[in-house]
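Asker: can you look at this prediction? I've put the sequence above it.
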Amino acid sequence: MTRVVSVFLPSWSIDRFRRAAGDAAPSPEVPLVLIARDGSRRLVQAASATAFAAGLRVGMPATKAQALVPGLAVEEADLAADAQELEGLAIWLYQRAAPVVAPDPPSGIVIDASGADHLHGGETAMLDQIVGRLAMSGVEARAAVADTWGTAHALARYVARSTVVAPAGHGALPIVHLPLECLRIPVRIAADLRVLGFETAGDLISQPRSPLTLRFGPDIARRLAQALGEVAEPIIAIRPPDLIEVRRAFAEPIGAPETIARYIGKLVAELCERLEERALGGRRLDLICHRLDGGLQTVRIGLARPVCDVRRLTRLLCDKIETLAPGLGIEIMTLAAILAEPLERKQIASSLVEEFDPDVSGLIDILANRVGDKAVYRLVPVASDVPERSVRRVAALAEETGAVWPTHWPRPARLLSRPEPVETLALLPDHPPAWFSWRGIRRRVRRADGPERVFGEWWKRDAEMAAVRDYFQVEDDAGERYWLYRAGDGEDTATGSHRWFLHGVFG
């Protein structure tokens, strides 16, 4: 089933201006408007949040805006730069989110995310990543995913949440209570419809379309059909100018898995030849299959290191053939290296004088493309005594940081994401618990070692100035070992609550 993501940038012009101006941009507390010319008039084309709060509106004459808000910062709008940067942002998302991405002017981006959400941990995680990354870059964004472009477009703009996930097969339900403008109909038509008593998209959906078409033209019926998935609304994907891409069209549509696999191998061979000419290796590849009915089926694979190996790339792509739905048949297949990097060349040393390091990148690529690259990682130590801060995730083949694991005290094989409270009985201040109850099971402590005292990091948070934890390694009657701590030193309540928590489990 097709799933479409609409990304809405509500203050795109303002955000782009601030990013371009850098330190020269007015403070966020200062009302800011961008002015564009309409003939001889100068009108407000975009306004910051503080300008909106002061009563300014898009389309207002610039002179009126300046009269209403003393100290208003006024800058010239650059619509061409807005459009160019929007295309650049679409390319950025194309390289990171999904194979089919296109600008949705003037302040949006549309993504065909069919089959790509698993690479990001699901649709909710994918939207959170998109919105979060844009926010870190200084761009406010809202995003929604739905079965159609029209529904996703409406949800991203008219639902007051940063992310919205419409359930698959939703039909008209997500938009029935949204205003008429959510259907992307002209403002003039929406105003005329309100005169007739129509307020929401649901009011139009329940009406016969022929009378509406006779009176208002084809726009209403077309937009309703697109939002409800009754007619296709193709997304013309953006392509970077330096994209390395190969393409094959078929005289007769193909659909058998073995045929698809054979042509994948041919496309990979052609692509590797072009990569080899530029001394590049692919880090991210997209296979796009154009179906006879106009639909698209996409496959994306990622690699831990630049690769220009026909056999390896073919295997990774063929592993995903089962995710393709050829329908009536595939008439065009396109393979693109959307992310390519210089290929690492290594001289093969003699096995008589040097041992080879095992290359596990192939295994990592297989796992990452099956379960998502976020699920394949390794841990590296961080200089911190606080256990949850003493480790961080890095890419599976990331360069060594040089940090070493502490050896003065053993650490559990499994550290809980959050310490879980336990019920226990212990003699204060320095004795281990005699028993503890965790997740409804009471365990008697047979052996214990500790305490290991951990102090708070006062240079990070004032609240940790006096914070103390006393950790104990304990073993129960079944021989299972756990890592517990008491919050506080057992005497002074200023050091902690003196409650007990389980923080890890030893292997």
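Answerer: That came through, no problem. Numbering: from 1, shown residues only.
Asker: just give me the neighbour total for the closest residue to Arg392 other than its chain neighbours.
Answerer: Spatial nearest neighbour of Arg392, chain neighbours left out: Val382 (5.4 Å); criterion: C-beta to C-beta, 6 or more residues apart in numbering. All C-beta atoms are positioned from the backbone trio N, CA, C, and that covers glycine. Val382 has 12 neighbours, counted by other C-beta atoms under 10 Å.
Asker: wouldn't Val382 be in contact with Arg393 here?
Answerer: No: taking contacts as C-beta atoms under 8 Å, Val382 lies outside contact range of Arg393: 10.7 Å.
Asker: residue contacts, the residue nearest to Ala166 when sequence neighbours are not counted?
Answerer: Nearest non-adjacent residue to Ala166, counting by C-beta to C-beta, 6+ apart: Ala146, 4.0 Å away. Applying C-beta atoms under 8 Å, 6 or more residues apart in numbering to Ala146 gives the contacts Arg3, Val4, Ser6, Ala152, Leu155, Ala166, His170, Pro174.
Asker: which ones among those lie within strands?
Answerer: By the criterion of DSSP state E, membership of the contacts of Ala146 in strands covers Val4, Ser6.
Asker: quickly list what the residue nearest to Ala166 is bridged to.
Answerer: In this entry, Ala146 is beta-bridged to Val4, by DSSP bridges.
Asker: separation between it and Gly202?
Answerer: Distance of Ala146 to Gly202, given as C-beta to C-beta, to the nearest Å: 16 Å.
Asker: what do you get for Asp293?
Answerer: 30 Å.
Asker: helices along this structure, start to end?
Answerer: Secondary structure of the chain (DSSP state H): helices at 12-21, 49-53, 62-68, 79-96, 123-136, 149-158, 187-195, 201-205, 209-216, 219-227, 257-277, 310-318, 361-371.
Asker: okay, now the unreliable bits of this structure?
Answerer: Confidence mapping of the chain against pLDDT under 70 gives the ranges 115, 118-119, 345-357.
Asker: in it, which residue is most central in space?
Answerer: The residue lying closest to the centre of the chain (C-alpha atoms, centre = their mean) is Gln129, at 2.5 Å.
Asker: for the nearest residue to it once chain neighbours are set aside, what are its contacts?
Answerer: Closest residue to Gln129 apart from its sequence neighbours, by C-beta to C-beta, 6+ apart: His120 at 5.7 Å. Contact partners of His120, counting by C-beta under 8 Å, 6+ apart, are Ala97, Met126, Gln129, Gly372, Lys374.
Asker: switch to 10 Å and redo it
Answerer: Residues near His120 by C-beta atoms under 10 Å, 6 or more residues apart in numbering: Arg96, Ala97, Ala98, Ala113, Met126, Leu127, Asp128, Gln129, Ile130, Gly372, Asp373, Lys374.
Asker: now these: which count as buried?
Answerer: Listed as buried from those are Arg96, Ala97, Ala98, Ala113, Met126, Leu127, Asp128, Gln129, Ile130, Gly372, Asp373; burial here means 16 or more other C-beta atoms under 10 Å.
Asker: isn't the fifth one up against Ala144?
Answerer: No: here Met126 does not reach Ala144: they are 11.6 Å apart, not a contact under C-beta atoms under 10 Å.
Asker: tell me, what's touching these two both at once?
Answerer: Common neighbours of Met126 and Ala144, counting by C-beta under 10 Å, 6+ apart, are Val5, Thr163, Val165.
Asker: including neighbour count and distance to Arg18, could those go into CSV?
Answerer: Shown next, in CSV, are those (neighbours: other C-beta atoms under 10 Å; distance: C-beta to C-beta, whole Å):
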residue, neighbour count, distance to Arg18
Val5, 28, 25
Thr163, 22, 23
Val165, 21, 30
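Asker: looking at the residues you listed, which is nearest Gly255?
Answerer: The nearest member of those to Gly255, counting by C-beta to C-beta, is Val5 at 27.4 Å.
Asker: measure that closest one to Arg389 for me?
Answerer: According to C-beta to C-beta, Val5 and Arg389 sit 34 Å apart.
Asker: same question for Leu280.
Answerer: Leu280 is 39 Å from Arg389, by C-beta to C-beta.
Asker: the more surrounded of these two?
Answerer: Leu280 (18 against 12).
Asker: test my guess that Ala448 contacts Trp435.
Answerer: No: under the contact definition of C-beta under 10 Å, Ala448 does not touch Trp435, with a separation of 11.1 Å.
Asker: so for those two, which residues contact both of them?
Answerer: Contacts common to Ala448 and Trp435, judged by C-beta under 10 Å, 6+ apart, are Ala426, Val474.
Asker: list the residues that contact the residue lying closest to Ala154 once chain neighbours are set aside.
Answerer: Distances taken as C-beta to C-beta, 6+ apart place Cys182 nearest to Ala154, at 3.5 Å, with adjacent residues excluded. Each residue near Cys182 by C-beta under 10 Å, 6+ apart is listed here: 150-151, 153-159, 174-175, 190, 200-201, 223, 227.
Asker: against Ala144, how distant is Cys182?
Answerer: As judged by C-beta to C-beta, Cys182 and Ala144 stand 11 Å apart.
Asker: identify the contacts common to the two.
Answerer: Common contact partners of Cys182 and Ala144 (C-beta under 10 Å, 6+ apart): Thr151, His153, Ala154, Leu155, Ala156, Arg157, Tyr158, Val159, Pro174.
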